[in-house]
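Undergrad: next comes the sequence, and after it the predicted model I'd like to discuss.
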Amino acid sequence: MSYQREFERRLNVGVVGVGSHAYRNLLPTMHFLPVRLAAFCDRNLELAGRTAAEYGVSSCYADSAEMYRNEDLDAVFICVSPRLHPELACEALDAGLHVWMEKPPSINPAQVETMIEHRGDRVAVVGFKKAFLPATRKVIEIMARDDAGPLEGMTAEYRLRLPPDGAAVLSDPGVRNPFGDACHPLALMLAVGGEVNAVTMHATPSRVGACILEFASGAVGTFNVVSARTMPQERYAFWGKWHVSIENGNRVTVRRGIPFDYRYTTSFAPEGIDSGAVVWEAQNTLATLENKSLFTQGFYNEMRYFCDCVLEGRPAQQGSLEFALSLMRTYEAALLSEGRRIELA
């Protein structure tokens, strides 16, 4: 682990969008990244200036194209409305810059396809933080074990509501979309399960329900859209030979089972530590990095991965535009399904 001031090689970067989310999460994460903050861009130039003064950034712009012309940048971090991501990402890629952008990358899959056409040899990563959670990485590691996997199924529980008209969401950027944050649970599910072949969404009159995902691997997943306001608001479970669960992103439990005979087993905690459950969770007893939300929530992992890909000259695999396209096709099918099974191309 290194801090920004300790890296020998750093990227000259610009940031487009310094609003609340960028200020609370992305800019603080950059203290741990191999970057040199060169310029900020925001339509609110006064806000950009105040933020720049805090971070020692000398140049501010209200227009991203002007920033690209005037600054010697290697990469740009884009954190604005998803309605603006496609245009701004393509503009930056065309300017020869590597691009990291917040999720979701777009309003519909076609816009991601356009970004792929503009990418060329640049690195482009979408900030699907749930795919980069330490908890998600742990599940992937466990389910890859011969004694734990292969993955057979999964379930997710996430608080959202389905919009009344999915087609309008995909065609009109001005339509409010209460299902927009579905990219979070979908990113986690696709990161573990891989490509999705078919989607069926069953919705109730109150616009919650269950989305059935049929994975190319043969596994089946259920994404439960719930309205409950109680905690935990977010839960995931995965199973093969073992059962693994994630609660609220910071607790992973793997249940390995115990030596068991229905007629004769008398103890739920048999001798030894090679069976039963194992739990990993953030303790928050010390101000160590593994307990900070920037790390437990995946911000550091996703942004560091992008920087490493650029510095090492390798294309992104995790959070790539191809991953984003697969996710957006799944998202689109869920919006349009209304009980019909939709096969994905």
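TA: Cool, got the structure. Numbers count the residues shown, from 1 in each chain.
Undergrad: hang on, isn't Tyr158 packed against Glu234?
TA: Yes. Judged on Cβ atoms under 8 Å, Tyr158 makes contact with Glu234 at a distance of 5.7 Å. The way it works is simple: take the backbone N, C-alpha and C, and place the C-beta from them, glycine included.
Undergrad: shared neighbours, those two?
TA: Pro185 (Cβ atoms under 8 Å, 6 or more residues apart in numbering).
Undergrad: in the stretch 101-250 of the chain, where is pLDDT below threshold?
TA: Along the stretch 101-250 of the chain, segments meeting pLDDT under 70 span 230-232.
Undergrad: could you pull out the helices for it?
TA: Using DSSP state H, counting those that start in this stretch, the helices of the stretch 101-250 of the chain run over 109-119, 129-132, 134-143, 166-171, 183-193.
Undergrad: pick the most deeply packed of these.
TA: helix 129-132 (a mean of 26; mean count of other Cβ atoms under 10 Å).
Undergrad: mind giving me the packing neighbours of it?
TA: helix 183-193, helix 299-312 (3 or more Cβ pairs under 8 Å, 6 or more residues apart in numbering; DSSP states H and E).
Undergrad: show residues contacting whichever helix or strand comes after the longest one.
TA: Secondary structure here is assigned by DSSP states H and E; on that basis, the next helix or strand after helix 299-312 toward the C-terminus is helix 321-337. When contacts are taken as Cβ under 8 Å, 6+ apart, the neighbours of helix 321-337 outside the stretch itself are 104-106, 108-109, 112-113, 115-116, 119, 124, 126, 128, 131, 162-163, 166-167, 169-170, 179, 182-183, 186-187, 190-191, 195-196, 198-201, 211, 213, 223, 342, 344-345.
Undergrad: name the residues of helix 321-337 that are buried.
TA: 321, 323-335, 337 (16 or more other Cβ atoms under 10 Å).
Undergrad: what's the burial count for Pro178?
TA: Pro178 has 14 neighbouring residues, counting by other Cβ atoms under 10 Å.
Undergrad: I figured it hits Leu160, correct?
TA: Yes. Here Pro178 reaches Leu160: they are 6.4 Å apart, a contact under Cβ under 8 Å.
Undergrad: contacts for stretch 235-251?
TA: 130, 133, 135-136, 139, 142-143, 147-157, 185, 188-189, 192, 231-234, 252-257, 279-282, 296-298.
Undergrad: of the residues you listed, just the buried ones, PyMOL syntax please.
TA: Selecting the buried subset of these in PyMOL, with 16+ other Cβ under 10 Å as the burial test, is done by:
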select buried, resi 130+133+135+136+139+142+143+148+149+151+153+154+155+156+157+185+188+189+192+234+252+254+255+256+282+296+297+298
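Undergrad: ranges for the strands of the stretch 151-300 of the chain?
TA: Under the criterion DSSP state E, counting those that start in this stretch, the stretch 151-300 of the chain contains strands at 153-159, 196-203, 209-215, 220-226, 234-239, 243-247, 251-255, 277-281.
Undergrad: with just CA atoms, put the third one into PDB.
TA: In other words, strand 209-215. Taking Å, rounded to 0.1, in the frame of the first residue of the first chain, the C-alpha atoms of strand 209-215 are listed here in PDB:
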ATOM      1  CA  GLY A 209     -40.700  -8.000  -7.500                       C
ATOM      2  CA  ALA A 210     -38.100 -10.500  -8.600                       C
ATOM      3  CA  CYS A 211     -35.700 -10.600 -11.600                       C
ATOM      4  CA  ILE A 212     -34.600 -14.100 -12.700                       C
ATOM      5  CA  LEU A 213     -31.100 -14.200 -14.300                       C
ATOM      6  CA  GLU A 214     -30.100 -17.200 -16.400                       C
ATOM      7  CA  PHE A 215     -26.300 -17.200 -16.600                       C
END
